[in-house]
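Enquirer: okay, predicted coordinates and the sequence, questions at the end:
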Amino acid sequence: QVQLIESGGGLAQAGDSLRLSCAASGLTFSGYAMGWFRQPPGKTREFVAAIGWVSKSTYYANSVKDRFIISRDDAENTVYLQMNSLKPEDTAVYYCAAEQRHSPMVIAPIRPDYWGQGTQVTVSS
């Protein structure tokens, strides 16, 4: 059974940093592209960032590019999202996601096969 367990969410002030973690189990981690999505209050879920395997290529939404960094540790089956210079509009439930794929690259948002349960991030001004 595949499980994606997020942690690291919480309250922050504008300009602060937070790091989200997602521990994966029940899958061959190195064969999956991993990503983060978020759902702001009253809005639909949106793509945030993705990272491929092997090459560890990355792809970001324009709204977070240059502020957020996605990374992965294949030895720990964990993907991270370092969020810097947080803004109130970053307030959302953040979801970890996994897509099994043959290509090691990511050049677009992933299409998840699996989702985590989500972790709340709230940024105050």
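Expert: Noted; the coordinates are in hand. Numbers count the residues shown, from 1 in each chain.
Enquirer: please count neighbours and contacts with C-alpha atoms only from this point.
Expert: Noted.
Enquirer: would you mind measuring from the most centrally placed residue in the chain to residue 3?
Expert: The geometric centre of the chain, computed from its C-alpha atoms, lies nearest to residue 36 (C-alpha atoms, centre = their mean), at 2.3 Å. Per C-alpha to C-alpha, to the nearest Å, residue 36 is found 15 Å from residue 3.
Enquirer: over to residue 46?
Expert: 21 Å.
Enquirer: can I assume the residue nearest to the centre of the chain sits in a strand?
Expert: Yes. Under DSSP: H, G, I helix; E, B strand; the rest coil, residue 36 sits within a strand.
Enquirer: does it really touch residue 45, like I thought?
Expert: No. With contact defined as C-alpha atoms under 8 Å, residue 36 does not count as touching residue 45 (10.4 Å).
Enquirer: output the contacting helices and strands for the helix or strand containing residue 48.
Expert: When elements are assigned from DSSP states H and E, residue 48 belongs to strand 46-51. When contacts are defined as 3 or more C-alpha pairs under 8 Å, 6 or more residues apart in numbering; DSSP states H and E, strand 46-51 packs onto strand 32-39, strand 58-60, strand 68-73.
Enquirer: name the strands paired with that strand and say parallel or antiparallel.
Expert: According to DSSP bridges, strand 46-51 forms sheet pairs with strand 32-39 (antiparallel), strand 58-60 (antiparallel).
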